[in-house]
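[1] here is my input, please return the structure:
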Amino acid sequence: MRRTPVYYYSSTSGLVRAFAERLDRPVHNLAEREHRRSEVDGPWVLLTPSYKTGNESNDTIPEAVRRFLRSERNRRLLVGVMGSGNRNFGTYYQKAAREIAQRSGRPVLFEFELAGTPWDVEECERILTDLDAALDARHAAQAG
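    The predicted structure follows:
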């Protein structure tokens, strides 16, 4: 069964990277130019932080994520969004993930705060494993 890859953006704080690297699957950091300029080879999941802290003129979606989503192929093969946030951001908590999900028509699969807890990693991996199985079944049905 194919393990759906996670493309993520992590700032220098490394909180999102720490979470992504604990998942049992391929992960690609969009802070790295080679990944940001690449195109996916199949279904994938986006993991993005939200940074907005209440300034209406600031955008919540990291620029590296915007650049990656400029590719029509990447947008088309996106199957879900996950978000990292900080509850101190109030109404902007998880804003980037929710906005991308709304614009793309894809679901928010999971949300966690900062670098997440061990339970968050376990729960997220369970959700992604279920997604892997559903995508595998869909592929088998289309092929058969």
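[2] remind me, longest helix of this structure?
    helix 118-143 (DSSP state H).
[3] just how off-centre is that helix within its chain?
    Chain-centre distance of helix 118-143: 14 Å, with C-alpha atoms, centre = their mean, to the nearest Å.
[4] give the buried residues for it.
    120-121, 124, 128, 131-132, 135 (16 or more other C-beta atoms under 10 Å). Placement of C-beta: from N, CA and C, glycine included.
[5] and that helix, what does it pack against?
    helix 15-20, strand 78-85, strand 108-113 (3 or more C-beta pairs under 8 Å, 6 or more residues apart in numbering; DSSP states H and E).
[6] how near is residue 66 to residue 105?
    17 Å (C-beta to C-beta, to the nearest Å).
[7] nope, residue 49 is what I meant
    In terms of C-beta to C-beta, residue 49 sits 22 Å off from residue 105.
[8] just want to know which of these two has more residues nearby.
    Ranked by neighbour count (other C-beta atoms under 10 Å), residue 49 and residue 105 place residue 49 first, with 24 against 7.
[9] doesn't residue 84 make contact with that one?
    Yes - applying C-beta atoms under 8 Å as the test, residue 49 and residue 84 come out as touching, 4.5 Å apart.
[10] related to what we said a few turns ago, what's the closest of the buried residues of helix 118-143 to residue 73?
    The closest of these to residue 73 turns out to be residue 135 (C-beta to C-beta; 16.6 Å).
[11] which residues touch residue 18?
    10, 115 (C-beta atoms under 8 Å, 6 or more residues apart in numbering).
[12] where does the chain dip in pLDDT?
    Flagging of the chain using pLDDT under 70 yields the residue ranges 52-59.
[13] and the helices and strands packed on helix 118-143 as TSV, adding distance to residue 100?
    Compiled in TSV, those are given as follows (distance: least, C-beta to C-beta, whole Å):
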stretch	distance to residue 100
helix 15-20	14
strand 78-85	5
strand 108-113	9
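[14] out of those, flag the one nearest residue 92.
    Nearest to residue 92, of the helices and strands packed on helix 118-143 and by C-beta to C-beta, is strand 78-85 at 7.9 Å.
[15] show me what that closest one is packed up against.
    Going by 3+ C-beta pairs under 8 Å, 6+ apart, strand 78-85 lies up against helix 15-20, strand 44-49, helix 95-104, strand 108-113, helix 118-143.
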